[in-house]
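>>> Pasted the sequence and its predicted model underneath.
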Amino acid sequence: MYKDIATPGRTKEILERYGFSFKKSLGQNFLIDANILRKIVDVADISPDTGAIEIGPGIGALTEQLARRAKKVVAFEIDGRLLPILADTLSPYDNVRIFHQDVLKADLHAVIAEELADVSDRMVVANLPYYVTTPIIMKLLTERLPIRGMVVMLQKEVADRLAAKPGTKDYGSLTIAVQYYTEAEVIMTVPRTVFMPQPNVDSAVIRLVKRQHPPVVVDDEGVFFQVVRASFAQRRKTLFNNLTNNLPGGKENKEKIERVLVALGIDPRRRGETLDIAEFASLSNALAPLFGK
């Protein structure tokens, strides 16, 4: 067994050998605790039948843990300075393919079809850069990729929002979007002290298991997400005010919106954060004839 990359000494030695300096703009914080990485791989249930997709491999600390368990690892790294480092640190593993690409611009369906056609299980496992966490997660979900789900490390505050319950301060439009596609569970909190350099906040590992079918029946997904976003546009405002002010054509349809809310038994004075996903589905289905295409 090769020596783990994720130790303070080995990480420092690799960075010094290559004269690597962290770019704050890329949100680079490398994990220096191999036990946490092994737990992440455990939670993702990576097996010899799994094709793992990683985003932002850094110097390969998580990548090597995945390579030891998965059939194949495909990783996307945006920082070209890390490519020679990864070629070196991951040289013992012949089941890793690194793409020098921004994952937000990548054709993931094509990559999966080409690189992971021969695996029966596919899972995203990553330590996501804080600054693009939400766009990456939403891309992975809305593109309906053939994956089982994802286990990702992100800012604790964001993890809490993804797994939040109605009526809590963390519950919002992102919560509903993620829970529409997946079952979300925060697995563990990760202290800032196990990163190099140390970020200003703690992190958390969240597991998102893809649902076979959404938990609610929605007539028009576009309207559903539009209604959800509008409902949380200004958290302190009532549902009625948010919908009339933030749906396109909402002001012209003010009375109709109020009638729909009353007919559904939803008090127009409630706030968006008090509605569960089933109530949002009923509301969007009732509003779809007004705001759908």
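Happy to help now that I have it.

>>> now the helices: where do they sit in the stretch 101-250 of the chain?
108-115, 133-142, 156-162, 173-181, 221-231, 239-246 (DSSP state H, counting those that start in this stretch).

>>> For the last one, which residues meet the burial criterion?
When burial is assessed from 16 or more other C-beta atoms under 10 Å, helix 239-246 yields the following buried residues: 239-244, 246. Just so you know, the C-beta spots here come from the backbone N, C-alpha and C atoms, and that holds for glycine as well.

>>> neighbouring contacts of it?
227, 229-234, 237, 250-251, 253-254, 257-258, 261, 266, 268-272, 275, 287 (C-beta atoms under 8 Å, 6 or more residues apart in numbering).

>>> still on that earlier bit, I'd like the buried residues of helix 239-246 laid out as TSV, including distance to Asp4 and pLDDT.
Shown next, in TSV, are those (distance: C-beta to C-beta, whole Å; pLDDT from 0 to 100):
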residue	distance to Asp4	pLDDT
Leu239	51	96
Phe240	56	96
Asn241	54	96
Asn242	49	96
Leu243	52	96
Thr244	56	96
Asn246	49	95
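
>>> Out of those, which comes closest to Asp79?
Nearest to Asp79 out of those is Asn246 (C-beta to C-beta; 37.6 Å).

>>> mind checking pLDDT for the residue located most distally from the centre of the chain?
Relative to the centre of the chain, the most outlying C-alpha is that of Glu255, 37.7 Å out, by C-alpha atoms, centre = their mean. Confidence at Glu255, expressed as pLDDT, is 92.

>>> Also Ser25?
In this model, Ser25 is scored at 67, pLDDT.

>>> Let the chain start at 51 from now.
Happy to do that; since the first residue is 51 now, the last one works out to Ser75.

>>> buried set for stretch 262-277?
Using 16+ other C-beta under 10 Å as the test for burial, stretch 262-277 gives 266, 268, 270, 273-277.

>>> coming back round to it: check which helix or strand covers the residue farthest from the centre of the chain.
Per DSSP states H and E, Glu305 falls inside helix 304-313.

>>> now that helix and helix 289-296, what's the angle there?
Computed by axes from the mean of the first three to the mean of the last three C-alpha atoms, to 10 degrees, the angle separating helix 304-313 from helix 289-296 equals 150 degrees.

>>> in helix 304-313, what counts as buried?
Neighbour-count burial for helix 304-313 flags 307, 310-311 (criterion: 16+ other C-beta under 10 Å).

>>> low-confidence ranges in the chain?
51, 75-77, 342-343 (pLDDT under 70).

>>> mind running it again at 80?
Applying pLDDT under 80 to the chain flags the ranges 51-52, 72-78, 341-343.
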